[in-house]
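What would the 3D arrangement of this be:
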Amino acid sequence: MNNYTIDIERVTQTTVVNSNKIGIFVTQLTLFKSACISVHFYNEEGGGVFKVENLKMEDDDYAKWSSDDKYIEEFVLQKLNLKHA
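Numbering: from 1, shown residues only. Sure, this is the predicted structure:
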């Protein structure tokens, strides 16, 4: 049997997943202007990615980012309302 999709009546599904680790990836960089950042949330139980958030750093936020990549960490934590462990 080949894989395929079919339409069904709407079903609400809720899954609770704990995460204690994120991956931060600069996915696009426009020099002197902006950076796109992909944030991967890893499942605490198995380590797999279960959620991805995309952020854009620009204007004053981008101007504050110098050679210190810790600034990106703080930017992501602040934007997503997260804290270091």
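
Flag every buried residue along the longest strand belonging to the chain.
Among the segments of the chain that qualify as a strand by DSSP state E, the longest is strand 19-30. Residues Ile22 are the ones in strand 19-30 that count as buried (16 or more other C-beta atoms under 10 Å). For the C-beta atoms, the positions are set from N, CA and C on the backbone; glycine is no exception.

Now the lengthiest helix in the chain - C-alpha only, PDB.
Longest helix in the chain, counting residues (DSSP state H): helix 70-79. Output in PDB follows, covering the C-alpha atoms of helix 70-79 (Å, rounded to 0.1, in the frame of the first residue of the first chain):
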ATOM      1  CA  LYS A  70      26.200  35.200  23.600                       C
ATOM      2  CA  TYR A  71      24.100  38.100  22.500                       C
ATOM      3  CA  ILE A  72      22.200  35.800  20.200                       C
ATOM      4  CA  GLU A  73      21.500  33.500  23.100                       C
ATOM      5  CA  GLU A  74      20.100  36.400  25.200                       C
ATOM      6  CA  PHE A  75      18.100  37.700  22.300                       C
ATOM      7  CA  VAL A  76      16.400  34.300  21.800                       C
ATOM      8  CA  LEU A  77      15.800  33.700  25.500                       C
ATOM      9  CA  GLN A  78      14.200  37.100  25.900                       C
ATOM     10  CA  LYS A  79      12.000  36.900  22.700                       C
END
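
List the residues that contact the residue at minimal distance from the centre of the chain.
By C-alpha atoms, centre = their mean, the chain has its centre lying nearest to Val39, at 1.9 Å. By C-beta atoms under 8 Å, 6 or more residues apart in numbering, the contact set of Val39 is 22-25, 52-55, 76, 80.

returning to that earlier point: partner strands of the longest strand of the chain, with direction?
Paired with strand 19-30 in the same sheet, following DSSP bridges, are strand 34-43 (antiparallel).
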